[in-house]
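Asks: 3D model of this:
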Amino acid sequence: MLQATFINRRALYLRPDPGRVIVRPFKPATEPRDLNPTDKTRANHIVERVLNLDSQAAAAQLADVLENFQGRHRNLLKTFELRADEMEEALLAHTTFSEVQRQLIGAYFLHEYSFEASALFNPSIVPHPDQSGIPSGSLRFILSLRAVGEGHVSSLTFRAGTIAADGSIRVDPTARLATSPRITHRTTGPSGDEVDVVFELAPDISERVIFPLTESQSNGIEDARFVQFSDGGRTIYYATYTAYKGTAIRSELIETADFLSFRMTPLQGTAARNKGMALFPRKIDGRYAMIARQDNENLYLVYSDDLYRWEGGQPVLRPQFPWEFVQIGNCGSPIELEEGWLMLTHGVGPVRKYSIGAALLDKRDPSRVLARSREPLLRPEPSEREGYVPNVVYTCGAMTHNGQLILPYAVSDTYSNFATIEISALMRSMA
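Replies: Numbering: from 1, shown residues only. Model prediction:
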């Protein structure tokens, strides 16, 4: 099997950093209440112990907590107060609290979570909504990444960077702090919760971490495929992702205009039951279009008049070459070129080895496959074979700039890197 010669790996390694932490609610296990309805939970016991401290001891304990953790988080006292507000059930049995007591109680019901301790992978890339102040010919971008921490829980995090006119890539330094968003609205419907969130105290995009917020996401927000979507002069960013609750998966949609406020919505319909959906960057003949994998093996084209409901679909791509005999899937939203829709794919071959390929779809009728790569564009090199899941290269989306395909990709489900590809050479390589 030949490696494509027009791939340029950039050695911009984005590796997981266990030093980046957010605070999460800590919920002590409750004791059996059995026959006695007056039994107290562990939470009640913790609250009582705090209230039994005299005022000086409580203030000293709170000061010690702040000395240990203040530099690791923004507005920590406010976070303690908000957590105390959520613990009202444990506080109801007690009468009055001082401000110090409430803040200290909040601290006892939080813990730090190292959200990217294990992995930082499966990236996608889109143009940044703010292109001001950069050199001529350059492009600022936003990179989304899947971060994995303790318990293999996946969250969504971001980086920003710039592609220069000459094709060189720079990823901005990562902020020291990390922050979760505030939930501004939650609606429970027949298909699950729709949630609106906003980041109020995270000026740097690399601070923003979207941790699972609903039951369907409780074990992970996985593999977001972001796309810059144009509709009648309006631009919005959408991403399909896999919501995983430990026993079941489903496709959901996140949308944002500024990467500060986000809405997360479950997708409905028979075509949304699997993972790996990717939205086209514009409507086709007045309808939304999606590439989906409904049967764990082939790729389907699905149209819909409703962005949040997807039914049916027709198969457009099946495994054909040895490196993809096990299954194929998409690697992000199709990219519009003069020649057609460029769709990056992943293929699984012998010994469950993942490689990245491509197909070219007709611009007017994406069900027509014009060409596809007979050999992988990118496959694990010897230095990329070791990791949490060996022998995997994977991406959730690329973009173009100055005749090049900018391809962030994950290495063995552990860390991420970049490659660039000359689009003209890529077109010549496909049959």
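Asks: and residue 334, how many residues sit next to it?
Replies: The number of residues packed near residue 334 is 26, by other C-beta atoms under 10 Å. Placement of C-beta: from N, CA and C, glycine included.
Asks: my guess is it contacts residue 278. True?
Replies: Yes. Between residue 334 and residue 278 there is a contact under C-beta atoms under 8 Å: 7.1 Å.
Asks: so what sits against both of the two?
Replies: In terms of C-beta atoms under 8 Å, 6 or more residues apart in numbering, residue 334 and residue 278 are both contacted by the residues residue 291.
Asks: what's the closest non-adjacent residue to residue 256?
Replies: Nearest residue to residue 256 in three dimensions, chain neighbours excluded: residue 262, at 4.7 Å (C-beta to C-beta, 6 or more residues apart in numbering).
Asks: in what helix or strand does the one you found lie?
Replies: Here residue 262 sits within strand 261-266, counting by DSSP states H and E.
Asks: packing partners for the helix or strand that that strand is followed by?
Replies: Next in sequence after strand 261-266, counting helices and strands by DSSP H and E, comes strand 278-279. Judged by 3 or more C-beta pairs under 8 Å, 6 or more residues apart in numbering; DSSP states H and E, the packing partners of strand 278-279 are strand 220-231, strand 234-244, strand 288-292.
Asks: quick one: residue 117 is in a helix?
Replies: No. With DSSP: H, G, I helix; E, B strand; the rest coil as the criterion, residue 117 is assigned coil and is not in a helix.
Asks: close enough to count as contact, it and residue 15?
Replies: No. Taking C-beta under 8 Å as the definition, residue 117 is not a contact partner of residue 15, at 11.3 Å.
Asks: more crowded one of these two?
Replies: residue 117 (17 against 13).
Asks: what's the burial count for the nearest residue to the more buried one once chain neighbours are set aside?
Replies: Distances taken as C-beta to C-beta, 6+ apart place residue 18 nearest to residue 117, at 4.1 Å, with adjacent residues excluded. Neighbour count of residue 18, defined by other C-beta under 10 Å: 12.
Asks: surely residue 18 is in a helix?
Replies: No. Residue 18: not assigned to a helix; according to three-state DSSP it is coil.
Asks: which ones are touching it?
Replies: 114, 116, 117.
Asks: check it and give its pLDDT.
Replies: Residue 18 is assigned 96 on the pLDDT scale.
Asks: dihedrals phi and psi, it?
Replies: Backbone torsions of residue 18, given as degrees, to the nearest 10, read phi -70, psi -10.
Asks: same check, this time on the one 3 residues further on
Replies: Its backbone dihedrals place residue 21 at phi -130, psi 150, with angles given as degrees, to the nearest 10.
Asks: check which helix or strand the closest residue to it other than its chain neighbours maps to.
Replies: Of all residues not flanking residue 21 in the chain, residue 112 sits nearest, at 4.4 Å (C-beta to C-beta, 6+ apart). Residue 112 is part of strand 110-113, with elements assigned from DSSP H and E.
Asks: for that strand, packing partners?
Replies: Against strand 110-113 (3+ C-beta pairs under 8 Å, 6+ apart) you get strand 22-25, helix 76-86.
Asks: ok, of those, where does mean pLDDT dip lowest?
Replies: Across the helices and strands packed on strand 110-113, the lowest-scoring stretch is helix 76-86, with a mean of 92.
Asks: buried ones in it?
Replies: 76, 77, 79, 80, 83, 84 (16 or more other C-beta atoms under 10 Å).
Asks: distance of the fourth one relative to residue 337?
Replies: Relative to residue 337, residue 80 is positioned 52 Å away (criterion: C-beta to C-beta, to the nearest Å).
Asks: circling back to that earlier point, what is the burial count for the residue nearest to residue 21?
Replies: 13.
Asks: in contact with it, which residues?
Replies: 21, 22, 23, 24, 69, 72.
Asks: which residues does it bridge with?
Replies: Judged by DSSP bridges, the bridge partners of residue 112 are residue 23.
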